[in-house]
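Visitor: Need a 3D model of the following:
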Amino acid sequence: MIDQFGRNIEYLRLSITDKCNMKCIYCNPDGKLCTPPESFQLSVDDIERTVKAMVRVGIKKVRITGGEPTVRPDLIDIVAKIAAIQGIEDISMTTNGLRLPQLAVQLKHAGLHRLNISLDSLDPVKFEEITGGGKLSSVLEGIDLALSIGLTPIKINTVLIRGINDNEIDGLIDLAKDRPIDVRFIELMPIGPYGESNKSSILTSDEVLAKRPQLTLLQRDDKGAPAVYYGIEGYQGRIGFISPISHEFCGDCNRIRVTADGKIRPCLGHNGEVDILPFFALAEAEFDAKIADIIFHKPRGHHFNTGFNSKRNMNRIGG
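Guide: Have a look, this model is predicted:
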């Protein structure tokens with residue numbers, strides 16, 4: 001579907017839970033924000049109906065997010081329902097990877113195509129500190145399993161924080177040397193208390209690139225995707241940079257978000273939301289018209305550089 005600024009909106013980021021089994025310092029350090037009332041979660045039927053309406057107005061790709069989607073007990077059923085919807089070309093999921101050793105095979109069989117896995121450190125002690133108790137060994141085991149069963153391409157997402165994990169950049173880059181993995185570095189965003197109060201900890205993509213001349217810019221094959229990719233001679237994978245602060249990419253944005261409590265959030269860096277729960281009482285045509293109108297009025301761009309304060313933490317937006 002084409003929005004008011006001529007962008008083709010075809011990518012849904014669907015949060016299925018606010019809950020998480022980690023307490024990352026930049027998202028939810030005390031864990032309190034990941035214990036919302038269960039009654040706010042969309043049911044499997046609600047999710048199926050929402051995605052079907054999205055597909056009818058032009059959505060072709062769905063990314064399942066959270067919180068942490070693997071903590072939801074009916075995740076496999078949700079993936080299977082979405083996979084069965086005619087018109088969906090790609091189903092992916094963003095996860096912290098802790099439960100992949102137990103779930104990867106089931107997810108593949110249910111119809112999931114690929115994974116984005118959050119990984120902010122390769123040091124077990126630092127990883128535990130950043131995530132509030134996460135076990136690095138479980139995530140690395142999950143990555144290897146996902147590769148072996150074809151949940152690919154795998155994209156590793158690393159939020160760079162000056163003074164915390166910026167000394168691990170080259171080690172993370174090397175994950176792409178012998179495996180077909182895309183390692184992507186994400187600028188810390190001013191969302192939530194940590195991001196809003198630690199703007200000096202933002203490490204820009206330009207700073208990282210300036211010290212690594214071995215990275216060669218690759219031709220961009222998907223302008224709607226947020227990452228700009230670089231290659232290194234002899235490496236199987238690519239290195240990506242997602243730079244919402246230093247290099248705004250709103251003009252090519254093709255995404256719409258649905259939160260776990262049933263709100264459409266057209267822009268990550270904008271507080272505008274529309275509650276879709278009342279839409280479930282509408283007939284199909286009316287439901288579709290409401291969704292289409294929201295997408296059409298997607299804002300031109302984010303407000304990160306104008307003193308923006310998000311009303312939601314990242315875990316309650318869906319990434």
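
Visitor: could you point out which element follows the helix or strand of the chain with the lowest mean pLDDT?
Guide: Lowest by mean pLDDT, DSSP states H and E among the helices and strands of the chain is helix 192-197, with a mean of 64. For helix 192-197, the succeeding helix or strand toward the C-terminus, using DSSP states H and E, is helix 205-210.

Visitor: Show me what counts as buried in that following helix.
Guide: Ser205, Val208, Leu209 (16 or more other Cβ atoms under 10 Å). Glycine gets a C-beta too; all of them are placed from N, C-alpha and C.

Visitor: dump the residue contacts of the second one.
Guide: Residues counted as contacts of Val208 (Cβ atoms under 8 Å, 6 or more residues apart in numbering) are Leu160, Ile169, Phe185, Phe241.

Visitor: For the protein, which segments count as helices?
Guide: With DSSP state H as the criterion, the chain has helices at 44-56, 75-83, 100-110, 124-131, 136-149, 169-173, 192-197, 205-210, 284-296.

Visitor: Kindly present those as a markdown table, with separate columns for distance to Cys27.
Guide: Converted to a markdown table, the helices of the chain look like this (distance: least, Cβ to Cβ, whole Å):
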| stretch | distance to Cys27 |
| --- | --- |
| helix 44-56 | 23 |
| helix 75-83 | 20 |
| helix 100-110 | 19 |
| helix 124-131 | 9 |
| helix 136-149 | 16 |
| helix 169-173 | 19 |
| helix 192-197 | 6 |
| helix 205-210 | 20 |
| helix 284-296 | 26 |
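
Visitor: closest one to Cys20 among these?
Guide: The closest of these to Cys20 is helix 124-131. By Cβ to Cβ, the value is 9.7 Å.

Visitor: weakest of the helices of the chain in terms of mean pLDDT?
Guide: Of all these, the minimum mean pLDDT falls on helix 192-197 (a mean of 64).

Visitor: quick revisit: ok, of the contacts of Val208, which one's closest to Leu122?
Guide: Distances from Leu122 to the contacts of Val208, taken as Cβ to Cβ, are shortest for Ile169 (10.6 Å).

Visitor: Surely that closest one touches Phe185?
Guide: Yes - when contacts are counted by Cβ atoms under 8 Å, Ile169 is listed as touching Phe185 (7.1 Å).

Visitor: what about the two, which has more around it?
Guide: Phe185 (25 against 18; other Cβ atoms under 10 Å).

Visitor: For the stretch 201-319 of the chain, which segments count as strands?
Guide: Ranges of strands in the stretch 201-319 of the chain, per DSSP state E, counting those that start in this stretch, are 216-217, 227-231, 239-242, 255-258, 263-265, 274-275.

Visitor: Gln102 is nearest to which of the ones you listed?
Guide: Gln102 sits nearest to strand 255-258 of all the strands of the stretch 201-319 of the chain, at 26.2 Å, using Cβ to Cβ.

Visitor: Can you tell me the strand partners of the closest one and which way each runs?
Guide: Sheet partners assigned to strand 255-258 using DSSP bridges are listed as strand 11-15 (parallel), strand 263-265 (antiparallel).

Visitor: now that strand, how far from the centre of its chain.
Guide: In terms of Cα atoms, centre = their mean, to the nearest Å, the centre of strand 255-258 is found 11 Å from the chain centre.

Visitor: Dump that strand to PDB, keeping only the CA atoms.
Guide: Extracted in PDB, the C-alpha atoms of strand 255-258 (Å, rounded to 0.1, in the frame of the first residue of the first chain):
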ATOM      1  CA  ARG A 255       7.200  -0.600   8.000                       C
ATOM      2  CA  ILE A 256       4.100  -0.500  10.200                       C
ATOM      3  CA  ARG A 257       4.000  -1.800  13.800                       C
ATOM      4  CA  VAL A 258       1.400  -3.500  15.900                       C
END
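
Visitor: Report the rounded mean pLDDT for that strand.
Guide: Here the average pLDDT along strand 255-258 is 93.

Visitor: ok, back up a step: farthest pair in the contacts of Val208?
Guide: Using Cβ to Cβ, these span at most 11.1 Å, a distance reached by Ile169 and Phe241.

Visitor: between the two, what contacts are shared?
Guide: Common contacts of Ile169 and Phe241 (Cβ under 8 Å, 6+ apart): Phe185, Val208.

Visitor: quick one: Glu207 from Met189, how far?
Guide: According to Cβ to Cβ, to the nearest Å, Glu207 stands 16 Å off from Met189.

Visitor: go on, Met1?
Guide: Look at Met1 and Met189: by Cβ to Cβ, they are 26 Å apart.

Visitor: who has more neighbours, the two?
Guide: Per other Cβ under 10 Å, whichever of Met1 and Met189 has more neighbours is Met189, with 22 against 18.

Visitor: mind showing which ranges of the chain have poor pLDDT?
Guide: Residue ranges of the chain with pLDDT under 70: 31-40, 190-197, 223-224, 245-249, 269-271, 301-319.
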